[in-house]
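following is a predicted model, sequence given first.
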2 protein chains.
Amino acid sequence: MTNRAGAATRQRILEATRDLLAEGGLEAATVKAICERAGVLPGSFYNLFDSKEEAIFTIIREAITAVDPDPEGEGSDTLTGLVDSYVKFVTGRPDLARVYLMLAVTGSLTDPAMAKRVLRHHGARVERFRDAALHADPGLSRSEAERRMEGLLAALNGYALHFLLDPDFDFGSHAIQLLAE
Amino acid sequence: MTNRAGAATRQRILEATRDLLAEGGLEAATVKAICERAGVLPGSFYNLFDSKEEAIFTIIREAITAVDPDPEGEGSDTLTGLVDSYVKFVTGRPDLARVYLMLAVTGSLTDPAMAKRVLRHHGARVERFRDAALHADPGLSRSEAERRMEGLLAALNGYALHFLLDPDFDFGSHAIQLLAE
DNA sequence: GTCTAATTTGAGTGTCGACTCAAAGAAACA
DNA sequence: TGTTTCTTTGAGTCGACACTCAAATTAGAC
């Protein structure tokens, strides 16, 4: 049976891992650094995680899940709502957004499974945006709606990338402008 | 005075570094791997480069320079031409494009100077696109042209990111579509 | 309180990284 | 050919990394 203490330590370790990833990327997230920040010794880390990879993947999953919150109801998405929640995620959790982007770019190189995962995730998002677009303008053809949403998402991703490099960049207004066009 | 042999070895080393970076990212570009691929021993590497960093930065500079070729003449850029050369770079040299993107994302985290560099480079590109847009449509206000070009470049960057994750993605047609809007 | 199982300790292992250097080997030029 | 300078060799250093484990400590059930 698990102790309460173990779960608390686990959380401290995950927090430390997330912070280090956000601050200095994969390079900074060494087991030693994670343990120091979490106030724990290596043995304790390995009592709770099988490997460093496991801790890091836990954070990545967290990031992936956080980008797209569960829909409130079937077909209830509005375009503004979707864009808004994307913006809120990137500006509100730049740490997770950064980890996601970083792992998407570098991880996909070495690990084809990671690339597939990211692309599948992207595809699902395009569909969700497309449905919202069709709902707003039923006159649009399905493929035309999809094409436009691909463009919208590409621009959103481009702006998000800019924002993560330059926190002064006003991601919010730029994103909203995209909807006006 | 330098021997001819040294220069040739230097090129082999840089080639090996570029390939390894493109194939497996920073992680794969170890001195050992670089030397093996270049058919050289570590001592020879360090006779020509002060550090591994120096070799890698040489590749990055190469990538940065290659994105934006020299203008053919003052104010001679057309929007289609600019987009076209961006597409050609990304699809023609995905190795360099990948290295650039990777370093922009991960390097900017640990190294603020890198972030500044990337942003300055981006700013210059926006200006170049803006001037081309103004040339095509002199009725446009300067700030409106700049705003639109920021959006165009964001979408281009987003599409480029997609292409680098998925070589089947048709970057060319998507990029051209952006101009039609 | 006592017993048991979960947790933490912290010194330690093996591996792989960047980088060094004295000595051997070519190139260039007289 | 002899000399000098440039280049390559390859064994070796040193530090940092992920990860281990027996022993000590602590928490929870009875």
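It's in.

C-alpha only now, for contacts and for neighbours.
Noted.

what is the helix or strand of chain A with the lowest mean pLDDT packed up against?
Here the helix or strand of chain A ranked lowest by mean pLDDT, DSSP states H and E is helix A:108-110, holding a mean of 77. The criterion is 3 or more C-alpha pairs under 8 Å, 6 or more residues apart in numbering or on different chains; DSSP states H and E, and the helices and strands that helix A:108-110 contacts are helix A:112-136, helix B:4-28.

list the residues that contact the residue of chain A found nearest chain B.
Going by C-alpha to the nearest C-alpha, chain B is nearest to residue A:155 of chain A, at 3.7 Å. Counting by C-alpha atoms under 8 Å, 6 or more residues apart in numbering or on different chains, residue A:155 makes contact with A:178, B:151-158.

quick one: low-confidence ranges for chain A?
A:1-4, A:71-75 (pLDDT under 70).

list the contacts of stretch A:103-113.
Taking C-alpha under 8 Å, 6+ apart as the rule, stretch A:103-113 contacts A:60, A:114-115, A:118, B:23-25, B:101-102, B:105, B:165.

kindly recompute the last result at 10 Å.
Contact with stretch A:103-113 is made by A:21, A:25-26, A:57, A:60, A:97-102, A:114-119, B:21-28, B:98-99, B:101-103, B:105-106, B:161-162, B:164-166, as judged by C-alpha atoms under 10 Å, 6 or more residues apart in numbering or on different chains.

ok, stretch A:121-134 next?
A:64-65, A:67-68, A:71, A:75-83, A:115-117, A:119-120, A:135-138, A:140-153, B:162.

now, of these, which are buried?
For these, a burial check counting by 16 or more other C-alpha atoms under 10 Å in any protein chain shown picks out A:64, A:67-68, A:77-79, A:82-83, A:115, A:119, A:135, A:145-146, A:148-153, B:162.

CA atoms only: put the helix or strand harbouring residue A:154 into PDB for me.
Assigned by DSSP states H and E, residue A:154 belongs to helix A:142-165. Taking C-alpha atoms only, helix A:142-165 is exported to PDB below (Å, rounded to 0.1, in the frame of the first residue of the first chain):
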ATOM      1  CA  ARG A 142     -16.100  21.200 -45.700                       C
ATOM      2  CA  SER A 143     -12.800  21.200 -47.500                       C
ATOM      3  CA  GLU A 144     -12.700  25.000 -47.800                       C
ATOM      4  CA  ALA A 145     -13.400  25.300 -44.100                       C
ATOM      5  CA  GLU A 146     -10.600  22.900 -43.400                       C
ATOM      6  CA  ARG A 147      -8.200  24.700 -45.600                       C
ATOM      7  CA  ARG A 148      -8.900  28.000 -43.900                       C
ATOM      8  CA  MET A 149      -8.600  26.500 -40.500                       C
ATOM      9  CA  GLU A 150      -5.200  25.000 -41.400                       C
ATOM     10  CA  GLY A 151      -4.100  28.500 -42.300                       C
ATOM     11  CA  LEU A 152      -5.500  29.900 -39.100                       C
ATOM     12  CA  LEU A 153      -3.800  27.300 -37.000                       C
ATOM     13  CA  ALA A 154      -0.500  27.800 -38.900                       C
ATOM     14  CA  ALA A 155      -0.600  31.500 -38.100                       C
ATOM     15  CA  LEU A 156      -1.600  30.800 -34.500                       C
ATOM     16  CA  ASN A 157       1.300  28.400 -34.100                       C
ATOM     17  CA  GLY A 158       3.700  30.900 -35.800                       C
ATOM     18  CA  TYR A 159       2.500  33.700 -33.400                       C
ATOM     19  CA  ALA A 160       2.800  31.300 -30.400                       C
ATOM     20  CA  LEU A 161       6.400  30.500 -31.400                       C
ATOM     21  CA  HIS A 162       7.100  34.300 -31.600                       C
ATOM     22  CA  PHE A 163       5.600  34.800 -28.200                       C
ATOM     23  CA  LEU A 164       7.700  32.100 -26.600                       C
ATOM     24  CA  LEU A 165      10.800  33.700 -27.900                       C
END
